[in-house]
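Engineer: how would this look folded up:
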Amino acid sequence: MDKYITTPITEEVTADLHAGDYVYITGTLYVARDAAHKRMMEVLDRGEELPIDIKDAVIYYMGPSPAREGRPIGSAGPTTASRMDKYAPRLLDMGEKAMIGKGRRSPEVIAAMKRNKAVYFAAIGGAGALLSKCITKSEVICYEDLGAEAIRKLEVENFPVIVVIDREGNNLYETSIQKYRKI
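Structural biologist: The predicted model follows:
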């Protein structure tokens, strides 16, 4: 089923999202990869505040390419989400409600998603040039020294994703395999 949602992503929004739903997101996404996640954990360990408001936020695991002339960003495809698995439960416990990436998630991340009523979306790998067309604004907001791994704030319109794991822990990767085996 196609669903159109606007950020921030609240528990009310995640209640209506189910594994397998096609979703189009409009609003703000934050981009953070491995190095940015590691730095955020160091900030938290020192008892400091995160540089972004994590409550009801969406973090997109993506490393952008340089913007072409007239565009806010270059290719913007997802990166492998499992690289953030050691960091994700802590951010979910702080109020993060959605993640976008590609690939499987660990049992610890899925447990944290269920505990916090959060969802995991997949964006289509290899379609970064097309995904970038949904991005209307991109700005580095912190950790500029990390280059492509800096935290960015994106404004998106109808950014296409698929609910892979919903807030109940239903996992499209698992259910699809089971359906395929029956065939």
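
Engineer: where does this protein have low pLDDT?
Structural biologist: Applying pLDDT under 70 to the chain flags the ranges 176-183.

Engineer: tell me the secondary structure at G126.
Structural biologist: Per DSSP: H, G, I helix; E, B strand; the rest coil, the secondary structure class of G126 is coil.

Engineer: so V163: helix, strand or coil?
Structural biologist: Following three-state DSSP, the label given to V163 is strand.

Engineer: skipping adjacent residues, who's closest to it in space?
Structural biologist: D21 (4.5 Å; Cβ to Cβ, 6 or more residues apart in numbering). For the C-beta atoms, the positions are set from N, CA and C on the backbone; glycine is no exception.

Engineer: residue ranges of the strands in the chain, please?
Structural biologist: For the chain, the strands defined by DSSP state E cover 2-6, 22-31, 58-60, 98-101, 119-122, 135-142, 151-165.

Engineer: and those strands as JSON lines, adding distance to T175 and mean neighbour count?
Structural biologist: Shown next, in JSON lines, are the strands of the chain (distance: least, Cβ to Cβ, whole Å; neighbours: other Cβ atoms under 10 Å):
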{"stretch": "strand 2-6", "distance to T175": "18", "mean neighbour count": "13"}
{"stretch": "strand 22-31", "distance to T175": "15", "mean neighbour count": "19"}
{"stretch": "strand 58-60", "distance to T175": "23", "mean neighbour count": "27"}
{"stretch": "strand 98-101", "distance to T175": "19", "mean neighbour count": "26"}
{"stretch": "strand 119-122", "distance to T175": "14", "mean neighbour count": "24"}
{"stretch": "strand 135-142", "distance to T175": "30", "mean neighbour count": "16"}
{"stretch": "strand 151-165", "distance to T175": "10", "mean neighbour count": "21"}
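
Engineer: looking at these, which is nearest to E49?
Structural biologist: In terms of Cβ to Cβ, the element of those nearest to E49 is strand 135-142, at 11.4 Å.

Engineer: who are the packing partners of the closest one?
Structural biologist: For strand 135-142, the packing partners by 3 or more Cβ pairs under 8 Å, 6 or more residues apart in numbering; DSSP states H and E come out as strand 151-165.

Engineer: let's see that with 10 Å instead.
Structural biologist: Here strand 135-142 touches strand 22-31, helix 34-45, strand 151-165, going by 3 or more Cβ pairs under 10 Å, 6 or more residues apart in numbering; DSSP states H and E.

Engineer: could you dump these to JSON lines with distance to T7?
Structural biologist: What follows is the helices and strands packed on strand 135-142, written out as JSON lines (distance: least, Cβ to Cβ, whole Å):
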{"stretch": "strand 22-31", "distance to T7": "3"}
{"stretch": "helix 34-45", "distance to T7": "19"}
{"stretch": "strand 151-165", "distance to T7": "9"}
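
Engineer: about what we covered before: can I get the strands of the chain in JSON lines with distance to T14?
Structural biologist: What follows is those, written out as JSON lines (distance: least, Cβ to Cβ, whole Å):
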{"stretch": "strand 2-6", "distance to T14": "9"}
{"stretch": "strand 22-31", "distance to T14": "11"}
{"stretch": "strand 58-60", "distance to T14": "11"}
{"stretch": "strand 98-101", "distance to T14": "7"}
{"stretch": "strand 119-122", "distance to T14": "5"}
{"stretch": "strand 135-142", "distance to T14": "23"}
{"stretch": "strand 151-165", "distance to T14": "9"}
